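**Q** Here is the input, now give the coordinates:
(chains A and B)
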Amino acid sequence: MSPLWVVAVPAAGAVAVLFGGRLRAPFLSSVLGGVTWVLGLVVALPALGSDQLQTYAHASVPTGTTEVTLALGVDGLAAAGVLLATSVAFAVLVYSVAYLAEDPRYPSYASIVLIFTAAMNTVVLADDFFVMLVGWEVMGACSYFLISHHWERQDARAGAVKAFVMTRLGDVGLLFGIFVLGLAVGSFRISEVNAAAVAGDLSTTQATVGMLLILCGVVGKSSQFPLHTWLPDAMPGPTPISALIHAATMVAAGVYLIARLFDVLAVSAAAQAVLAVIAAITMVLSAFFALAQDDLKRVLAWSTVSQLAYMFGALAVGGYGAAVFHLLSHGAFKALLFLCAGSVAHATGTTSMARLGGLHRRMPVTSVTMLVGMAALVGLPPLVGFFSKDAVLGAYSDAALHDVTWTGWLVFCAGLVTMLATAAYATRAWVLVFTGPSPEGGRVPREAPMLMRGPLLVLGGLTAVGGVLTLAPQVLEPGATVGELFHPWLAMPAAVAVMVVVLLTYAEAWRAEDRDPSGVLGRWRPVLAREAGFDPAYDRLFVVPTHWSAQGVVAADRDVVEPYVRGSVSAVRGAGAALRWAQNGNVQVYLTVVVVGAVAMAVVVGAVVA
Amino acid sequence: MSWLLPLLIATPAAGALILAFWPRNRADRDAPMAGLVVSAVAFGLSVVVALASGTEAGFQLEQERVWIEPLDVSWHVGIDGISSPLVLLTTLLGALCMASLLRGGGPRCGGERALVAMLLLLETGVIGTFLALDLVLFFVFFELVLVPMWFVIAWWGDPHDEPGRRRAASVFLLLTVIGSAVMLAGFLLVYGYAGTFDVVELAERGGEGIPATAQVVAALAIGLGLAVKTPMWPLHIWLPDAHAKAPTVGSVLLAGVLLKMGTYGLVRVWLPVVPDGARDVAPYLAVFAVIGIVYGALACLAQTDLKRLVAYSSVGHMGFILLGISTLTPAGINGALFANIAHGVITGLLFFLAGALKDRYETAEMAMLGRGLYGRSPRLAGVLAVAAVASLGLPGLAGFWGEMLTLLAAFDPIAELPRATYLVCMAVAGVGAVLTAVYFVAVLRQVCQGEPAPSGASSTAAAPSVASVVSAEATRYELVVWAPLVVLTVLFGLAPGLLLGVIDPSVVAMFGGGA
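**A** Coordinates of the predicted model:
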């Protein structure tokens, strides 16, 4: 079966949902989510663990130079991506039925989620750069529309614009990177570009320039430093789409793309080094930002940024299997965490941790599933996060201790610091939300309805048992042997260290007057809470100058119009005189005069007089 | 079959003529319906023509007759993959404009008969320009368009600002007439050396017989005339006012097809007739083009009037098209021609929407539209969102492919051109693309999102008005009129091969060896 179906069915379904009316939308979209999930299984299961890309070329488009092909391909990596995308999308569509039960905008919401699912599947399955790019950008547009779902809220409008513009900024680089690689190889087929890289037909310069440009797009999409500031501001969107788009799939598409181009990345040591530096900076920075946030979703957003950097770090030092493992693992437990946060928001109407507390007794299912998610995030055995984080740290330590590269040491040190910071912020968040006294007043929170609990339990179950992938690493990295992704000598001490930090954080929460363990950060706490002032700095550096240039352009145009009008009138008179004169002169002189006159009219009269 | 093209050109002209003799007492009432029938016939004919011409390279359905023998001017028309999409676009937009006039979409100051006749005359001129294969014939049709456009803007333009609309119309006429005069001079220069006005013959010679200096002068003259029309920065200043003051149908046709006459002329005449001159001028064209892209985007950021904003966005989009042409590669020319069509469809839609808003609120000032259109008129706002996202070049919609190809071509222009210059141009154009995204999301934020405020109140005032809720929504009829444009936007976005498959063979045949 052509994998085109897992793209076409949700896309066509989106139209049906949009025009199907408010009453039918929840049921119809859930069913379509289920159908897409089944189609995903049919496409993915036979290909799991395969390193052969089964391609399907549907049509080719002439461009005048290298042609664009509507080509899809399935291999082990694509299969893993399809499973992740369709599963989380299905869970989110079911969850949304209860979460947005009162929402009059359900048809457009569900329809955009379905288009998004089609787009993510397109990215995962594309075997042509431009097919990939279509999916990539449509995802971005869906993200924009869904962040601003509550468009009467100022923060939702601002967050949506910021997310869209910052990712588009990176995508310009991505487009140019595609030009570099595609024209160097003579094909925009991703499989052929990879094959050329393996065969040595791609020079180091071409690979470096191409991959660095593609990294721009990846950094934008995955919210990595220095374009890391948009993801936390995207949190005013409905929480289910935060789980789907801003945790499990779209932001992870950057990781997926680098994994897809792993052979090209391998040609360029420079690109690997840049990726490692970006990953190291991002993972530490965002983990510390997560320590001092008040909003639960914002904590999770920074956590996502940090965990994506973990995956990039692994890819930068050659840990392909580890990165893919953590991609899947993070997709499951972070989607779980966001859906838990949604459950909290649904029950209490807020995600501000200052206004939350003591929810454990009221919402035991949410509390326990969120605890499972947090434990996976910090990497406690036997949850999936323990194994995938160990795989990543193992890749780092291999690069640092065996290959002794500076990039290896960089990501290894950064990875260890991040691991400890993660333990602290995850503990802090859970403690603040679920323990301690309930805040005074407000409505009495109730446990989430069945349609929301179901996805929580399923994702919680997957998070609990996902570690078995360690026993089948060939699913993640074709040809890997059992035990290759597990490093007991690293995992055990790491788990102990994490446990110590968790207990220390818990103890501090117990001790502190406001129960907030981030008090130990002292005067760094406000700095981290303000996220180190990147936003105001970017504002001064980019937004304000753009605004001034825009004003300048308008002023210039306004002041030029008048002289132009006057200039045109005199030019007409001049042309009349020239014509009389040209009747007995030769054509060339006449022409020169007209041309010079016209140029003068455009440039001199316009600009100088203004 | 050679009678097909003359018939196509004559159909709207005949329509205009019949309207002139229509019984006076019922002319204004019947005119829009008559216009719709005539333009629908023209659209049908153009479909037949497009099908008959196929996707083979080279001119089809040619017809050649001696016209003015002493001047060596002939009636020579023909169609190929470069012109057939533009002809289809013209007749489609023409028919949709008539359809919108039929029910309330038109200006409310009477004189429908004259307006419809002018629009039909304009359509004749545009179709003729796209089909002419003789320089003088091309010039005649090119000029034929100006006068009806002047009347459309000056008589049926913004009813609240009579001096403003007359001035806008006159600036438009003056600048384009001067441009055309310079262009005609270029044509005469070409004739002086080559001894023929025939575009096909001139293209086959590839500039042979015209010395290098004369080619540069001719390329400058012809290029300048076409650049005014396109418009290229800094010759764009007639455009924002003309658009802001024109009635909806005028804006749609102006942006949708009139601007395309400039870029089409560059591909049809400028590149093949004076190729050596074009090669010398091309890098300058590229630089002006990217300045236009960034300049247009920055200007849009500061606009408060939706119609002016869409007008300025055209300056940026035409910049991409000029950049593509200036690379002299098949990819760039393909991209330019694709972007031509995409811009006509998307910007035509945007002007229909801006016009619909202006009809409802008597203003296109975004702050006066009253925010929250997603809530007050979800269908209209939904179409506006699609059009905005398409216009900012989102892959998967029509706006992307043309601009992508022009950038790709700028990355790899023909060997004779300075590559470094083009790489800088490409990078700057990329920044312009980001700025384009910025102002379109800003439009959606200001117009479609936010707490609904009563129309006419400034955006800071709150308190939603129930009265403006009902009448604000798009009518079923309007949606039907816009639907073809929305469908084409999605179709060309998902299947660019539909259009490139027609354009590419002709472009490669003509410019395959480098222009």
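**Q** Can you read off the pLDDT for the residue in chain A that chain B sits nearest to?
**A** Nearest to chain B, among the residues of chain A, is residue A:64, at 3.2 Å (C-beta to the nearest C-beta). From N, CA and C alone the C-beta is placed, and that goes for glycine too. Note on residue A:64: pLDDT of 86.
**Q** The nearest residue to it once chain neighbours are set aside - how many residues pack around it?
**A** Excluding the flanking residues, the one nearest residue A:64 by C-beta to C-beta, 6 or more residues apart in numbering or on different chains is residue B:330, at 3.2 Å. A count of nearby residues for residue B:330, using other C-beta atoms under 10 Å in any protein chain shown, gives 27.
**Q** list the contacts for residue B:330?
**A** A:64, A:65, B:504, B:507, B:508, B:511, B:512 (C-beta atoms under 8 Å, 6 or more residues apart in numbering or on different chains).
**Q** 6 Å instead?
**A** A:64, B:507, B:508, B:511, B:512 (C-beta atoms under 6 Å, 6 or more residues apart in numbering or on different chains).
**Q** Give me the buried subset of these.
**A** A:64, B:507, B:508, B:511 (16 or more other C-beta atoms under 10 Å in any protein chain shown).
**Q** on that earlier part again, assess the claim that the residue of chain A closest to chain B and residue B:332 are in contact.
**A** No. If you go by C-beta atoms under 6 Å, residue A:64 and residue B:332 don't touch, sitting 7.6 Å apart.
**Q** Which one of the buried ones among the contacts of residue B:330 is nearest to residue B:116?
**A** residue B:507 (35.5 Å; C-beta to C-beta).
**Q** Distance of that closest one relative to chain A?
**A** 6 Å (C-beta to the nearest C-beta, to the nearest Å).
**Q** any idea how far the residue nearest to the spatial centre of chain A lies from residue A:264?
**A** Note on chain A: the residue nearest the mean C-alpha position is residue A:251, at 1.5 Å, using C-alpha atoms, centre = their mean. Going from residue A:251 to residue A:264 by C-beta to C-beta, to the nearest Å gives 22 Å.
**Q** before we move on, what about residue A:55?
**A** 18 Å.
**Q** Residue of the stretch 201-350 of chain B closest to chain A, please.
**A** Relative to chain A, the nearest point of the stretch 201-350 of chain B is residue B:330 (3.2 Å; C-beta to the nearest C-beta).
**Q** For the stretch 151-300 of chain B, which segments count as helices?
**A** Ranges of helices in the stretch 151-300 of chain B, per DSSP state H, counting those that start in this stretch, are B:162-194, B:199-205, B:212-229, B:238-245, B:248-253, B:259-265, B:271-273, B:275-301.
**Q** Tell me how many other residues crowd residue B:51.
**A** Neighbour tally, residue B:51, other C-beta under 10 Å: 9.
**Q** From chain A, how far off is it?
**A** Distance of residue B:51 to chain A, computed by C-beta to the nearest C-beta: 20 Å.
**Q** Average pLDDT for whichever strand or helix holds that residue, rounded please.
**A** Assigned by DSSP states H and E, residue B:51 belongs to helix B:24-53. The average pLDDT within helix B:24-53 is 88.
**Q** just stretch B:208-225 next, same as before
**A** Stretch B:208-225 comes out at a mean pLDDT of 91.
**Q** same question, stretch A:338-348
**A** Stretch A:338-348 shows a mean pLDDT of 93.
**Q** Kindly report the same for stretch A:29-43.
**A** pLDDT averaged over stretch A:29-43 gives 95.
**Q** in that stretch, what's buried?
**A** By neighbour count with 16+ other C-beta under 10 Å, stretch A:29-43 contains the buried residues A:29, A:30, A:32, A:33, A:35, A:36, A:37, A:39, A:40, A:41, A:43.
**Q** give the contact list for the third one.
**A** Spelled out, it's residue A:32. If a contact means C-beta under 6 Å, 6+ apart, then residue A:32 has A:13, A:114 as its contacts.
**Q** Helix or strand next in line after the helix or strand that contains it, which one?
**A** Assigned by DSSP H and E, residue A:32 falls within helix A:25-44. Using DSSP H and E, the helix or strand that follows helix A:25-44 in sequence is strand A:54-61.
**Q** what does the stretch 201-350 of chain B have sitting close to chain A?
**A** B:217, B:220-221, B:224, B:234-235, B:237, B:295, B:298-299, B:301-302, B:330-331, B:334 (C-beta under 6 Å from any C-beta of the partner chain).
**Q** Next, residue B:363: phi, psi?
**A** phi -160, psi 150 (degrees, to the nearest 10).
**Q** Next: residue A:271.
**A** According to degrees, to the nearest 10, residue A:271 has phi -60, psi -40.
**Q** Distance of residue B:445 relative to residue A:246?
**A** 20 Å.
**Q** likewise residue B:511?
**A** Counting by C-beta to C-beta, the gap from residue B:511 to residue A:246 is 46 Å.
**Q** Neighbours of residue A:183, how many?
**A** So residue A:183, with other C-beta under 10 Å, has 17 neighbours.
**Q** Grab the nearest non-local neighbour of it.
**A** In space, residue A:183 is closest to residue B:412, 5.9 Å off (C-beta to C-beta, 6+ apart).
**Q** domains of chain A?
**A** A:324-529, A:538-609 (automatic domain parsing).
**Q** ok, back up a step: show me which of the residues of the stretch 201-350 of chain B next to chain A is closest to residue A:323.
**A** Nearest member of those to residue A:323, counting by C-beta to C-beta, is residue B:331, at 35.4 Å.
**Q** Return the helix or strand in chain A with minimum mean pLDDT.
**A** helix A:609 (a mean of 38; mean pLDDT, DSSP states H and E).
**Q** Now do the strands in chain B.
**A** Counting by DSSP state E, chain B has strands at residues B:60-68, B:73-79.
**Q** least reliable of these going by mean pLDDT?
**A** strand B:60-68 (a mean of 87).
**Q** how near is residue B:305 to residue B:414?
**A** Counting by C-beta to C-beta - residue B:305 and residue B:414 are separated by 41 Å.
**Q** follow-up on the earlier one: give the contact list for the residue nearest to the centre of chain A.
**A** A:222, A:223.
**Q** That one in helix, strand or coil?
**A** coil (DSSP: H, G, I helix; E, B strand; the rest coil).
**Q** one step back: what's the spacing between the residue nearest to residue A:64 and residue B:82?
**A** Distance, residue B:330 to residue B:82, by C-beta to C-beta: 11 Å.
**Q** again with residue A:274
**A** From residue A:274 over to residue B:82 the distance is 44 Å, taken as C-beta to C-beta.
**Q** Looking at those two, which one has more neighbours?
**A** residue B:82 (25 against 18).
**Q** Verify the contact between the more buried one and residue B:504 for me.
**A** No. Assessed by C-beta under 6 Å, residue B:82 is found out of contact with residue B:504, at 10.1 Å.
**Q** shaky segments in the stretch 401-550 of chain A?
**A** Within the stretch 401-550 of chain A, the segments meeting pLDDT under 70 span A:441-442.
**Q** Could you rerun that using 80?
**A** Residues of the stretch 401-550 of chain A meeting the criterion pLDDT under 80: A:439-443, A:483.
**Q** Show me which residues of it sit near chain B.
**A** Residues of the stretch 401-550 of chain A lying near chain B (C-beta under 6 Å from any C-beta): A:549, A:550.
**Q** Now with 8 Å, please.
**A** Neighbours of chain B within the stretch 401-550 of chain A, by C-beta under 8 Å from any C-beta of the partner chain: A:546, A:547, A:549, A:550.
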